[in-house]
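>>> I'll drop the sequence and a predicted model, then ask my questions.
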Protein chains: 2
Amino acid sequence: MYEVEVKVPADLEAVRARLDDLEAAPIGAVVQEDTYYDAPHRSFSETDEALRIRSERPENDPDETRLTYKGPLVDDASKSREEVETAVGSGEKVDTVLTKLGFEPAATVRKERDRFELEDYTITLDRVDDVGEYVEVETEVASEADLESAREGAFDILERLGLDPDEQLRTSYLELLLEG
Amino acid sequence: MYEVEVKVPADLEAVRARLDDLEAAPIGAVVQEDTYYDAPHRSFSETDEALRIRSERPENDPDETRLTYKGPLVDDASKSREEVETAVGSGEKVDTVLTKLGFEPAATVRKERDRFELEDYTITLDRVDDVGEYVEVETEVASEADLESAREGAFDILERLGLDPDEQLRTSYLELLLEG
């Protein structure tokens, strides 16, 4: 499964009004706290990989923690990567296992996310601590061959939300946080 | 938490009869499949650590998968180690994450375990594929100071089961499998 994801800076209140006009369906808010790890045996910034523990507090559901590996970009235009993710019983225990193995927490990104659905896309309004406000448009495709059309669809959605695909951010919140 | 564990080779049917005489309480059977990993950046056989994914199929409960880190021996006499363990949603996904990070499956140990409780100890009758039949007596203590008396208690239980503490096996099933 490949994730297509485009992200631009945005005034969230203006986007919220457009989503309302487009009758996009709200699918819930969540607070996410992501801890990214450095590896002992290679530099993830050089290999363009990431290892993350995500703790999620949804509005109406129980907390959930997941372990995620992100592989290098396969399509630079849409920031597509291979992702492998699984739920874990205890984020603290996984943190301890990783630390014992020599992995080290590099940074923690905390954000409030408000999600909407429009056609085949998920639109996420992000308020990221110490970073800023952004809108992400994303979808998943089964094969690399479908990436290009999925990316064009995402750009179209951005335009309908009054946002400029040319302002697409190619850096992650983690990088923005580390730069800031 | 420290685990005290002593293990000896045994004729399981003879031990079963003794457990019955001692009125030990059966607490269920389970099939365990453990995959151990090699690390890309250090030799776990040299550092005396282990990283494991355990898939467990209990008699009457849903399957469960756990990720476990085992630290080096803290007490050689009782084979005590620090253990950090957490449930994971998908063993396959964790395997993929580990593999992507450069960890490699080294060996898989499969065993049928039949467990009993006697006083503060858990007694496990193990039939290990390609390795043999063993009895483990184990308990947990909160601090290193309690290890010695817990170990003596485990030896006492072994004797009551007709087993010889001097036959204690200091190697793991994994090592036995790799040696065999």
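On my side now, so go ahead. As the structure is a computational prediction, the values presented were derived from the model and not from experiment.
>>> state the pLDDT value of the residue of chain A most remote from its centre.
Residue farthest from the centre of chain A, counting by Cα atoms, centre = their mean, is A:Lys100 at 27.2 Å. pLDDT, A:Lys100: 97.
>>> surely it and B:Glu49 touch.
Yes: with contact defined as Cβ atoms under 8 Å, A:Lys100 counts as touching B:Glu49 (7.5 Å). For every residue, glycine as well, the C-beta is placed using N, CA and C.
>>> shared neighbours of the two, anything?
Listed as contacting both A:Lys100 and B:Glu49 by Cβ atoms under 8 Å, 6 or more residues apart in numbering or on different chains are B:Tyr69, B:Gly71.
>>> circling back: under a three-state scheme, what state does the closest residue to the residue farthest from the centre of chain A other than its chain neighbours occupy?
In this structure, A:Lys100 finds its nearest non-sequential neighbour in B:Tyr69, 5.2 Å apart by Cβ to Cβ, 6 or more residues apart in numbering or on different chains. Three-state assignment for B:Tyr69 (DSSP: H, G, I helix; E, B strand; the rest coil): strand.
>>> thought B:Tyr69 was touching B:Leu51?
Yes: assessed by Cβ under 8 Å, B:Tyr69 is found in contact with B:Leu51 at 5.7 Å.
>>> overlap in contacts of those two?
Common neighbours of B:Tyr69 and B:Leu51 (Cβ under 8 Å, 6+ apart) are A:Val97, A:Leu101.
>>> gap between the residue farthest from the centre of chain A and A:Leu125?
Distance of A:Lys100 to A:Leu125, given as Cβ to Cβ, to the nearest Å: 38 Å.
>>> what of A:Ser45?
28 Å.
>>> now do A:Thr96
Distance from A:Thr96 to A:Leu125, counting by Cβ to Cβ: 34 Å.
>>> hey, which helix or strand in chain A has the poorest pLDDT?
helix A:173-179 (a mean of 88; mean pLDDT, DSSP states H and E).
>>> need the residues of chain A near chain B, please.
Chain A has residues A:39-42, A:49, A:51, A:66-69, A:71, A:84-90, A:93-94, A:96-97, A:100-102 near chain B, with proximity defined as Cβ under 8 Å from any Cβ of the partner chain.
>>> pLDDT on the top helix by length along chain A, on average?
What stands out as the longest helix in chain A, according to DSSP state H, is helix A:147-160. Mean pLDDT, computed over helix A:147-160, is 95.
>>> buried ones in that helix?
A:Leu147, A:Ala150, A:Arg151, A:Gly153, A:Ala154, A:Phe155, A:Ile157, A:Leu158 (16 or more other Cβ atoms under 10 Å in any protein chain shown).
>>> and the contacts of the least confident helix or strand of chain A?
A:34, A:36, A:50, A:106-107, A:109, A:111, A:126, A:128, A:130-132, A:134, A:169, A:171.
>>> dump that helix to PDB, keeping only the CA atoms.
The C-alpha atoms that make up helix A:173-179 are tabulated as PDB, following Å, rounded to 0.1, in the frame of the first residue of the first chain:
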ATOM      1  CA  TYR A 173       6.600  18.200  10.800                       C
ATOM      2  CA  LEU A 174       9.600  16.500  12.500                       C
ATOM      3  CA  GLU A 175      12.000  18.300  10.200                       C
ATOM      4  CA  LEU A 176      10.100  21.600  10.700                       C
ATOM      5  CA  LEU A 177      10.300  21.200  14.400                       C
ATOM      6  CA  LEU A 178      14.000  20.300  14.300                       C
ATOM      7  CA  GLU A 179      14.700  23.300  12.000                       C
END
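>>> brilliant, that's me finished.
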